[in-house]
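S.K.: Turn this into a structure:
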Amino acid sequence: MYMKFSIVTFGCKVNSYESEYMKQQLENSNYVYTDDRNVADVIIVNTCSVTNTADNKCKKMIRSIRRDNEKAILMVCGCASENHREDFLDLGIDILIGNREKSKVVSLIEDYKISGEKYIKFYDSRSGIFEDMRINDFSLTRAFVKIQDGCNNYCAYCIIPYVRGNIRSKDFDECVEEIKTLVKKGHKEIVFTGINTGAYGKETGKYDLTDLIREISKIEELERIRVSSIEMTEITDKFINELKVNKKLCGHLHISLQSGSEKILKLMNRKYTKAEYLENINKIKEARPDINLTTDVIVGFPGETEEDFQECIEYCKQVGFSKIHVFPFSSREGTKAASMSNHIPNDVKKERARRLIEIDKDLEIKYNERFIGKEVTVLVEENVDGRAIGHTENFIKVALDQELEENKEYKVIIKKAYADYVDAVLK
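M.R.: Model prediction:
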């Protein structure tokens with residue numbers, strides 16, 4: 001009799017990729033996936049620890065699963081368990097690991113089935129090789145490929161370097177072969193994912209992200225290459241030139257800013273000045289005029305005055321982002337920011353977040369309105385309530401009032417723009 005399993009994934013695209021890998025490994029070993037956790041024999045929770053809220057959501061989910069599925073084998077992994085090891089010991093978890101050994105998911109579960117003994121294993125060292133995972137297909141139209149792990153930046157607010165380790169990269173040839181396999185399965189768009197994607201190959205010096213982009217661009221059936229996010233310090237003139245000449249490379253970059261205040265950037269231990277950031281932004285816009293530039297901003301960082309926040313607002317307008325993901329500062333124990341003085345009250349953080357979100361909505365609409373009446377190409381990803389939904393290469397979400405074939409590109413004309421999507425009709 002086949003055992004059923006379910007996976008709950010929190011957090012980033014890296015976690016999504018790793019969950020997809022675990023799913024395929026279990027299916028290859030005759031386990032059957034189910035979305036219904038109530039009938040699952042095995043439940044895996046892949047956790048996130050980017051904020052306190054993420055930690056709490058993960059713990060709440062684990063408690064709920066254990067309460068409602070007493071007999072199921074419960075495996076927990078990921079950043080939250082890595083970051084709060086002691087807190088997870090009394091949650092009734094059968095297999096508890098951090099970010100290492102996800103690739104051993106089948107053997108961990110099989111061993112537990114035989115022994116019935118809890119398995120708890122963590123690694124203390126930040127060093128380590130790239131834990132290679134390779135998927136043959138992906139559940140979404142856009143296929144994620146994890147090419148990098150770890151971070152060496154140590155931004156003052158961020159716990160991720162401590163739970164993901166040093167930068168390390170997937171072998172160049174392994175990346176190319178995995179992507180070729182995914183394209184043969186019908187995926188037209190590949191999304192590079194990593195904790196610090198732009199640092200791909202940096203630890204070896206043999207190759208970099210642009211080299212990989214150039215190589216997989218030779219795959220004829222591959223139509224889109226998307227970089228999910230990238231640090232400004234990793235955007236080189238070589239990369240910008242590739243953005244200019246390579247039309248397979250999507251015209252959307254998510255480049256975290258975190259603050260538009262020079263003082264706060266220094267306190268955050270970000271590795272650029274406002275002038276350096278803007279200089280590269282202008283180069284990018286010159287290379288790809290219609291590029292969609294999105295970012296992250298933390299409001300209410302310790303020591304941020306109203307003047308600092310106003311400086312941030314004006315800078316975001318100057319850069320001209322098309323979307324700002326706004327996060328009130330979340331103090332993470334073990335980071336430099338946690339021990340700083342002048343922490344901002346929660347009500348002030350919430351108010352600043354609200355004000356910046358309002359500006360974000362205006363920026364989104366302004367960017368989308370630039371394309372009204374223009375012809376664009378949309379890759380249809382799903383049909384919802386009789387409407388086809390997809391994205392353009394520069395990541396504008398498009399809705400059409402008819403159902404269309406999924407994983408197929410269509411020429412459309414944009415008719416109306418909103419903050420988070422546009423309406424369009426077939427050309």
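
S.K.: Mind naming the longest helix for the protein?
M.R.: Counting by DSSP state H, the longest helix found in the chain is helix 346-369.

S.K.: Report the residue ranges of every domain in the protein.
M.R.: Domain ranges of the chain: 4-121, 126-250, 284-370, 375-426, per automatic domain parsing.

S.K.: on that earlier part again, what residues of the longest helix of the chain count as buried?
M.R.: Buried residues in helix 346-369, counted by 16 or more other Cβ atoms under 10 Å: 349, 352, 353, 356, 360, 363, 364, 367, 368. In this view, the C-beta of every residue, glycine as well, is placed from N, C-alpha and C.

S.K.: who are the neighbours in contact with residue 370?
M.R.: residue 290 (Cβ atoms under 8 Å, 6 or more residues apart in numbering).

S.K.: Now do the strands in the stretch 151-300 of the chain.
M.R.: 168-169, 189-193, 224-227, 252-254, 292-299 (DSSP state E, counting those that start in this stretch).

S.K.: and the helix or strand of the chain with the lowest mean pLDDT, how far out from the chain's middle?
M.R.: The least trusted helix or strand in the chain, going by mean pLDDT, DSSP states H and E, turns out to be helix 160-164, with a mean of 92. Relative to its parent chain, helix 160-164 has a centroid offset of 15 Å by Cα atoms, centre = their mean, to the nearest Å.

S.K.: likewise stretch 268-286?
M.R.: Distance, stretch centre to chain centre, for stretch 268-286: 21 Å (Cα atoms, centre = their mean).

S.K.: In it, which residues are buried?
M.R.: 268, 270, 274, 277, 278, 280, 281, 283, 284.

S.K.: from those, which two are the most distant?
M.R.: 268 and 283 (23.3 Å; Cβ to Cβ).

S.K.: Quick check: the gap between the residue found closest to residue 395 once you drop the neighbours it is linked to in the chain and residue 321.
M.R.: Leaving aside its chain neighbours, residue 395 sits nearest to residue 252 (3.8 Å; criterion: Cβ to Cβ, 6 or more residues apart in numbering). Taking Cβ to Cβ, to the nearest Å as the measure, residue 252 falls 12 Å from residue 321.

S.K.: Residue 87 too?
M.R.: Here residue 87 is placed at a distance of 36 Å from residue 321 (Cβ to Cβ).

S.K.: The two: who's more crowded?
M.R.: residue 321 (24 against 12; other Cβ atoms under 10 Å).

S.K.: got a list of contacts for stretch 105-121?
M.R.: By Cβ under 8 Å, 6+ apart, stretch 105-121 touches 22, 25-26, 29, 42, 44, 73, 75, 89, 93-97, 100-101.

S.K.: pLDDT weak spots in the chain?
M.R.: Residues of the chain meeting the criterion pLDDT under 70: 125.

S.K.: Show me where it has its helices.
M.R.: So, for the chain - with DSSP H - the helices run 13-28, 52-68, 79-83, 105-115, 160-164, 172-184, 209-216, 237-245, 262-268, 274-287, 306-319, 346-369.

S.K.: So which of those helices is nearest residue 411?
M.R.: Using Cβ to Cβ, the helices of the chain put helix 346-369 closest to residue 411, at 18.0 Å.

S.K.: relative to helix 306-319, how tilted is that closest one?
M.R.: The directions of helix 346-369 and helix 306-319 differ by 10 degrees, with axes from the mean of the first three to the mean of the last three Cα atoms, to 10 degrees as the criterion.

S.K.: tell me the angle of helix 346-369 relative to strand 292-299?
M.R.: Going by the same axes, to 10 degrees, helix 346-369 makes 170 degrees with strand 292-299.

S.K.: With just CA atoms, put helix 346-369 into CSV.
M.R.: Backbone C-alpha positions of helix 346-369 (Å, rounded to 0.1, in the frame of the first residue of the first chain) are rendered in CSV as follows:
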residue,chain,number,x,y,z
ASN,A,346,5.5,49.5,16.5
ASP,A,347,2.8,52.1,15.8
VAL,A,348,5.3,54.4,14.1
LYS,A,349,6.6,51.5,12.0
LYS,A,350,3.1,50.6,10.9
GLU,A,351,2.3,54.2,10.0
ARG,A,352,5.4,54.5,7.9
ALA,A,353,4.7,51.2,6.2
ARG,A,354,1.2,52.4,5.4
ARG,A,355,2.5,55.7,3.9
LEU,A,356,5.1,53.9,1.7
ILE,A,357,2.6,51.3,0.5
GLU,A,358,0.4,54.2,-0.7
ILE,A,359,3.3,55.5,-2.7
ASP,A,360,4.0,52.0,-4.0
LYS,A,361,0.4,51.8,-5.4
ASP,A,362,0.9,55.0,-7.3
LEU,A,363,4.2,53.8,-8.7
GLU,A,364,2.7,50.4,-9.8
ILE,A,365,-0.2,52.1,-11.6
LYS,A,366,2.1,54.6,-13.2
TYR,A,367,4.4,51.9,-14.6
ASN,A,368,1.6,49.7,-15.9
GLU,A,369,-0.1,52.7,-17.6
